[in-house]
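A.B. asks: here is my input, please return the structure:
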Amino acid sequence: MGEDVLATATAVHCDQLADARLADNQLADDRSADNRPADNRLPNDGPADDQLPGAPLRVVVPPRFCPLPTAVHPDADELNARAATWLNGYGLCRRGAQRVRMTGNDCGGFYGRIMPRAPADRLQLAVDWCVLMFAFDDLHCDEGPASARGGAFTDVAARIVRTLEAPGAALGPAGEPFLAAVDDLAARCRAAGTPVQVRRVVEGHRAWFLGVAWEFGCRLRNRTPSLNDYAHLRQHTAAGTATTGWMEIIDGAEIPGAALDAPAVRALSELAVTTAAFDDDLFSYGKERWLAARDPRPSRCRLNLVDILAAENGLGLEAALAAAVELCDRLTLRFVRLRDQVLPRAGEPLRRHLDHLSHLIRGNLEWGLHAGRYTNPDGRHPGAVHTTGSFTSAAPRTDVPPPIPSIAWWWDRF
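C.D. replies: Coordinates of the predicted model:
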């Protein structure tokens with residue numbers, strides 16, 4: 001293809017691409033937020049003190065109902081250090097803003113909250129995957145010029161999937177760093193997991209990339225999707241099963257297909273990942289506003305739960321944030337009640353899996369409220385965004401499906 005993203009990656013590593021993006025941002029900084037077209041404005045996005053130069057952009061997330069376990073892996077810092085050494089060994093994110101962003105991602109803190117008792121040597125595989133895929137997301141998915149280059153994304157995504165399926169497939173130029181790192185992960189995945197577990201990880205990446213391709217389509221049409229579409233696809237755009245697939249490999253024991261694919265367990269998996277992804281929309285909202293204000297060509301396409309609720313229901317920012325939290329609370333309550341129905345009949349591997357999903361929901365939210373990924377949006381403006389959140393013991397008053405048909409089956413009688 002005329003624009004071979006893999007050849008580009010060979011010559012332009014993460015930190016160099018970030019320098020190019022900075023030039024775009026500097027051009028955008030000359031454009032006042034008040035000069036953006038009205039139909040491109042974010043909810044409640046008028047001039048405000050927290051948008052003045054030098055002032056942090058502040059977002060206050062209403063209290064979340066989340067009565068789920070939380071813990072931090074004792075070796076999180078060491079996991080992060082080893083992951084950085086591993087990624088840097090492929091020439092990726094060695095310096096500049098991209099190294100700052102990699103450090104701020106705190107992948108050891110993220111995955112260490114999902115599996116806080118996992119052996120560190122086995123957990124390292126998932127943490128290494130996490131640092132690499134955050135770099136992939138920033139480079140090829142939804143930020144800067146790459147967010148409009150769907151053809152380049154599909155090319156590299158197809159190569160990643162095949163490399164995971166067949167290590168050593170040699171699908172990139174000689175010495176291409178990104179696929180070399182994927183190849184290493186694929187070989188380690190096979191060494192640690194069963195063929196069934198490896199297949200589940202591969203299929204998780206296919207689902208993720210399909211979701212991202214859908215996002216590219218939304219941007220191409222310059223149109224915000226409906227809540228009904230967004231709700232069922234968010235689990236995929238957030239790399240849901242690509243993320244949770246590693247849990248089983250780290251644990252070791254294979255979960256029987258009849259158990260993992262049972263409708264109630266599928267509903268629990270979708271609930272956990274979607275809730276975590278919607279929470280991501282909450283704690284990343286400030287980052288997205290910050291980046292959008294500096295985009296020289298702002299889009300009318302919004303791919304965030306807060307903005308979609310605002311657009312669909314005519315809400316301001318405060319009301320849209322409250323509606324998003326209310327939806328997350330209802331999903332959390334449904335997860336807890338359905339999990340408690342399934343646990344008494346679950347075998348040990350499935351019980352561990354459900355425990356990890358429980359930790360994912362709470363741990364992801366705690367991680368995201370503090371991760372540098374969301375406070376320093378481009379790696380050059382530490383403290384540019386300040387998001388605060390809290391928790392409440394007050395459960396939702398009702399446990400019935402929200403008016404979103406695409407996810408209503410989670411409330412079926414299993």
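A.B. asks: which residues of the stretch 1-150 of the chain fall in strands?
C.D. replies: 57-60, 64-65 (DSSP state E, counting those that start in this stretch).
A.B. asks: show me what counts as buried in the longest one.
C.D. replies: Spelled out, that is strand 57-60. Across strand 57-60, burial judged by 16 or more other Cβ atoms under 10 Å covers L57, V59. All C-beta spots, glycine's among them, are computed from the backbone N, C-alpha and C.
A.B. asks: likewise stretch 254-270?
C.D. replies: Residues E254, I255, A259, L260, A262, A264, V265, A267, L268, S269, E270 are the ones in stretch 254-270 that count as buried (16+ other Cβ under 10 Å).
A.B. asks: which residues does the last one contact?
C.D. replies: When you say that, I think you mean E270. Q235, G240, I407, W410 (Cβ atoms under 8 Å, 6 or more residues apart in numbering).
A.B. asks: just give the closest residue to the residue nearest the centre of the chain, not the sequence neighbours.
C.D. replies: Most central in the chain under Cα atoms, centre = their mean is A238, positioned 4.2 Å from the mean C-alpha point. Residue nearest to A238 in three dimensions, not counting chain neighbours: A277, with 3.6 Å by Cβ to Cβ, 6 or more residues apart in numbering.
A.B. asks: Provide a list of residues in contact with that neighbour.
C.D. replies: R234, Q235, T237, A238, G240.
A.B. asks: I'd guess it is in a helix, am I close?
C.D. replies: Yes: A277 forms part of a helix when assessed by DSSP: H, G, I helix; E, B strand; the rest coil.
A.B. asks: per-residue pLDDT, it?
C.D. replies: In this model, A277 is scored at 98, pLDDT.
A.B. asks: can I get the strands of the stretch 1-150 of the chain in TSV with distance to L309?
C.D. replies: TSV is the format used below for those (distance: least, Cβ to Cβ, whole Å):
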stretch	distance to L309
strand 57-60	15
strand 64-65	16
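A.B. asks: right, and those - which one's nearest T375?
C.D. replies: strand 57-60 (10.0 Å; Cβ to Cβ).
A.B. asks: against which helices or strands is that closest one packed?
C.D. replies: helix 285-292, strand 385-388 (3 or more Cβ pairs under 8 Å, 6 or more residues apart in numbering; DSSP states H and E).
A.B. asks: returning to what we had before: for N376, which of the strands of the stretch 1-150 of the chain is the nearest?
C.D. replies: Going by Cβ to Cβ, the one of the strands of the stretch 1-150 of the chain nearest N376 is strand 57-60, 11.8 Å.
A.B. asks: where do the helices sit along the stretch 151-300 of the chain?
C.D. replies: Applying DSSP state H, counting those that start in this stretch to the stretch 151-300 of the chain gives helices spanning 177-192, 195-221, 227-237, 240-251, 257-260, 263-283, 285-292.
A.B. asks: can you list contacts of the fifth one?
C.D. replies: When contacts are taken as Cβ under 8 Å, 6+ apart, the neighbours of helix 257-260 outside the stretch itself are V196, V265, A346, G347, P349, L350, H353.
A.B. asks: closest one of the residues you listed to W246?
C.D. replies: Distances from W246 to those, taken as Cβ to Cβ, are shortest for H353 (11.7 Å).
A.B. asks: what residues are up against the closest residue in space to A187 that isn't next to it in sequence?
C.D. replies: Using Cβ to Cβ, 6+ apart and skipping residues adjacent in sequence, the residue nearest A187 is P167, 4.7 Å away. Neighbour list for P167: D183, A186, A187, R190 [criterion: Cβ under 8 Å, 6+ apart].
A.B. asks: these, buried ones only, as a PyMOL selection?
C.D. replies: Command for PyMOL that selects the buried part of the contacts of P167, burial taken from 16+ other Cβ under 10 Å:
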select buried, resi 183+186+190
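A.B. asks: which of the contacts of P167 sit farthest apart?
C.D. replies: Taking Cβ to Cβ, no two of these sit farther apart than D183 and R190, at 11.1 Å.
A.B. asks: what about the stretch 101-250 of the chain, any weak spots by pLDDT?
C.D. replies: 140-151, 174-175 (pLDDT under 70).
A.B. asks: and the contacts of helix 257-260 as TSV, adding secondary structure and distance to D106?
C.D. replies: Output for those, formatted as TSV (DSSP: H, G, I helix; E, B strand; the rest coil; distance: Cβ to Cβ, whole Å):
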residue	secondary structure	distance to D106
V196	helix	31
V265	helix	29
A346	coil	31
G347	coil	33
P349	helix	28
L350	helix	29
H353	helix	24
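A.B. asks: distance to P225 added to those residues, as a markdown table?
C.D. replies: A markdown table is the format used below for the contacts of helix 257-260 (distance: Cβ to Cβ, whole Å):
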| residue | distance to P225 |
| --- | --- |
| V196 | 34 |
| V265 | 28 |
| A346 | 35 |
| G347 | 38 |
| P349 | 36 |
| L350 | 33 |
| H353 | 30 |
